[in-house]
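Peer 1: Okay, here's the prediction I keep looking at, along with the sequence it came from:
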Amino acid sequence: MFVAVYWWRVHPGKEEQFRLAWRRGTEHIGRIYGGLGSRLHRETDGRFVAYAQWPDEQTWRHAFDNKMAYDDPETRQAFVDAVIEAPREPVFTMTVTDDLLR
């Protein structure tokens, strides 16, 4: 299994818009590219942080190289509109060695 970690700063007042667009986009990415899902968190500094699970690095790399594109312009626009700042690359990309999540 492979994991990628991302973060975003969101415009004040657009948190729910971001969360809804993130959920919809994540569902599209899973369906189109084979992602295994993701969890979204809120950091104490206000950033949203997510880690996404993938079956392997090759599957993730294919999706990342295709910019995780999906055919839902309304969801994509809502996501982009809500975000103030995000790094271009994931914060971490990691291979899972031991998994004790239930």
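Peer 2: Yep, it's here.
Peer 1: any idea how far the closest residue to T75 other than its chain neighbours is from N66?
Peer 2: Closest residue in space to T75, ignoring its immediate chain neighbours: R24 at 4.4 Å, by CB to CB, 6 or more residues apart in numbering. For every residue, glycine as well, the C-beta is placed using N, CA and C. Using CB to CB, to the nearest Å, R24 is found at 18 Å from N66.
Peer 1: Report the spatially nearest residue to E57, omitting neighbours in sequence.
Peer 2: Nearest to E57 is F2, by CB to CB, 6+ apart, at 4.6 Å.
Peer 1: Quick check: the one you found touching Q53?
Peer 2: Yes. Contact criterion CB atoms under 8 Å: F2 and Q53 qualify, at 7.4 Å.
Peer 1: Please enumerate the shared neighbours of those two.
Peer 2: V96 (CB atoms under 8 Å, 6 or more residues apart in numbering).
Peer 1: mind listing the helices for the protein?
Peer 2: Per DSSP state H, the chain carries helices over the ranges 15-33, 57-65, 73-82.
Peer 1: Please consider this matter closed, and thank you.
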